[in-house]
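S.K.: everything below, folded, please.
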Amino acid sequence: MDINETDKKKAGAFIQHLTGNPALQSYSALQREEQICQFLSVNAAQLQPTLSSPSFFQGRKWEEIWAILLATLYEETNRHVIPEMTILINRLDFTFFNFLEQNKYNESAAKQLIIDLLTKMLGNEQARHVFTGSLLAVKNNMVKRYVSAIFVRRKYIHFEITKVERLRVGENEASNMISLLVLMRPLIYMFANQNIVPRNTANGCVFPNNFTNAIALNLSSKAPSIPEAVFKSAMNSNASFIENNKLEASARLANILSSMFKNYRPGIKKDRGADTAVKSWINVARKNYKFYGYDIKLLDELYNIASDNGW
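M.R.: Prediction:
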């Protein structure tokens with residue numbers, strides 16, 4: 001749909017007004033976007049008479065108004081998200097590539113390719129929804145924090161990563177790898193179509209393992225500068241461990257960490273005597289682990305880590 005300059009300005013002013021709401025300032029850009037989308041959807045009947053008046057988008061149907069506002073909101077959110085995402089990718093150390101395949105990789109080319117893929121991915125509504133937690137987990141060093149604790153404990157998750165998956169990596173390499181998988185996880189939504197029937201959950205979709213493998217091969221064939229194992233684990237983080245207990249530990253961990261921090265808001269204090277937000281999330285996830293396709297032993301260890309550290 002074509003949007004004229006007048007409509008762009010009016011939409012921009014309206015979206016700026018909504019994003020400037022003081023009640024939303026503790027949210028990340030993508031979290032604010034979700035809150036605003038929910039507000040517009042719930043209040044559509046009340047908003048339509050005003051927004052279709054001469055002061056705004058005269059004569060337009062709600063579907064057209066919604067499309068204009070959504071495009072403007074995405075553009076505003078992307079102004080924050082794309083630079084943030086680019087900084088995070090460029091901060092990662094890709095030396096773990098050499099542990100996956102004994103080839104010489106062009107790190108700068110690989111990083112730019114991933115940035116381009118993620119930027120394109122932001123055009124997908126479902127991907128944006130899932131990317132909220134991915135971005136927060138990496139930006140707030142939550143991946144690094146939990147991977148560090150995993151390597152100190154050297155229990156189930158460490159064994160699954162180093163012995164079963166056979167990733168001969170240290171803590172820093174594992175942290176950088178899991179961070180990259182978390183950020184790349186939503187790429188799968190660029191390829192979902194009506195022929196795929198994923199299971200919808202609160203944290204995204206659970207895709208069939210044959211589909212995640214096919215997408216990994218597709219991406220890998222177009223990106224020889226990135227080891228195939230990276231795409232495989234990133235896409236398999238959208239599959240169910242219950243349906244395939246051979247899924248990589250790195251994929252299982254990336255799945256949980258990106259979902260765990262979807263509603264994370266740094267600085268929000270818990271009530272006295274209450275569980276932390278992370279422990280509450282894990283408790284719910286443990287009760288429903290089969291539906292979400294999570295590894296229950298992995299959840300149990302993450303819960304113990306959160307408890308031991310007051311997280």
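
S.K.: and residue 279, which of the three is it?
M.R.: Of the three states, residue 279 takes helix under DSSP: H, G, I helix; E, B strand; the rest coil.

S.K.: any idea how far it lies from residue 138?
M.R.: With distances taken as CB to CB, to the nearest Å, residue 279 is found 21 Å from residue 138. C-beta coordinates here come from the backbone N, C-alpha and C atoms, glycine included.

S.K.: which one of these two is surrounded by more residues?
M.R.: Between residue 279 and residue 138, counted using other CB atoms under 10 Å, the more crowded position is residue 138 (26 against 17).

S.K.: what is the burial count for the closest residue to residue 300 other than its chain neighbours?
M.R.: Once flanking residues are discounted, residue 300 sits nearest to residue 286: 7.1 Å by CB to CB, 6 or more residues apart in numbering. Using other CB under 10 Å, residue 286 has 15 other residues around it.

S.K.: chain center to the host helix or strand of residue 286: distance?
M.R.: Applying DSSP states H and E as the criterion places residue 286 in helix 277-287. Computed by CA atoms, centre = their mean, to the nearest Å, the chain-centroid distance of helix 277-287 equals 18 Å.

S.K.: repeat for stretch 82-98
M.R.: On CA atoms, centre = their mean, the centre of stretch 82-98 falls 15 Å from the chain's centre.

S.K.: pLDDT weak spots in the stretch 151-300 of the chain?
M.R.: Within the stretch 151-300 of the chain, the stretches with pLDDT under 70 are 194, 270-273.

S.K.: where do the helices of it begin and end?
M.R.: 156-159, 171-184, 209-222, 228-236, 249-260, 277-287, 289-292, 296-309 (DSSP state H, counting those that start in this stretch).

S.K.: can you tell me what sits against stretch 253-266?
M.R.: For stretch 253-266, contacts defined as CB atoms under 8 Å, 6 or more residues apart in numbering pick out 26-28, 31, 130, 132-134, 136-137, 140, 142-143, 146, 157, 161, 178, 181-182, 185, 203-204, 233-234, 237-238, 277-278, 281-282, 285, 292-295, 298-299, 302.

S.K.: which among these end up buried?
M.R.: Neighbour counting over these (16 or more other CB atoms under 10 Å) leaves 27-28, 31, 130, 132-134, 136-137, 142-143, 146, 157, 161, 178, 181-182, 185, 203-204, 233-234, 237-238, 277-278, 281-282, 285, 292-295, 298-299, 302 as the buried ones.

S.K.: which parts of stretch 264-277 are buried?
M.R.: 264, 277.
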